[in-house]
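> generate coordinates for the sequence data below:
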Amino acid sequence: LMTALKAADEDAKLKLANRQNEFDATIAQMKTEMDKLQSDLITVEARFKAITAEALAQLGASKDSEKAEALARLRAEMQKAIDIVTAERDDHLANYTKERKLRKKIHNQLIDIQGNIR
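Below you'll find the model as predicted:
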């Protein structure tokens, strides 16, 4: 009976450890994706500044109303791109938080199981 309990316990520990490893891998992947999205956001913001500066330089000879209209279009386009990247980042952050909480729960269950054996 004790060996069967020990075997069942070891099996449960192994399953929990495997599950925790899977969650750790998922969290690492989400961190990587979040880092990439933050990098993309920085790139988009830098691109926005460069495009705005370039647009202003090209519009130097244009009328003021044309400049304002073109600048407003550029700002709207860049803001849309920034909003998309920010939303993706927020989504990944929410997923990361969810997975981190689940990993913590599984870890606590593993600790409880280890305590029950002794």
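
> from residue 34, how far off is residue 28?
Distance of residue 28 to residue 34, given as C-beta to C-beta, to the nearest Å: 11 Å. In this view, the C-beta of every residue, glycine as well, is placed from N, C-alpha and C.

> neighbour-wise, which of those two wins?
Between residue 28 and residue 34, counted using other C-beta atoms under 10 Å, the more crowded position is residue 34 (18 against 11).

> so for the helix or strand encompassing residue 25, what's the average pLDDT?
Here residue 25, judged by DSSP states H and E, is contained in helix 2-58. Across helix 2-58, pLDDT averages out at 89.

> tell me what that helix is packed against?
Helix 2-58 sits against helix 64-117, with contacts defined as 3 or more C-beta pairs under 8 Å, 6 or more residues apart in numbering; DSSP states H and E.

> what helices or strands is the helix it packs on leaning on?
Counting by 3+ C-beta pairs under 8 Å, 6+ apart, helix 64-117 packs on helix 2-58.

> next, the angle from the helix it packs on to helix 64-117.
Helix 2-58 runs at 170 degrees relative to helix 64-117, counting by axes from the mean of the first three to the mean of the last three C-alpha atoms, to 10 degrees.

> and for the residue nearest to residue 52 when sequence neighbours are not counted, the neighbour number?
Closest residue to residue 52 apart from its sequence neighbours, by C-beta to C-beta, 6 or more residues apart in numbering: residue 74 at 5.8 Å. By other C-beta under 10 Å, the residues close to residue 74 number 17.
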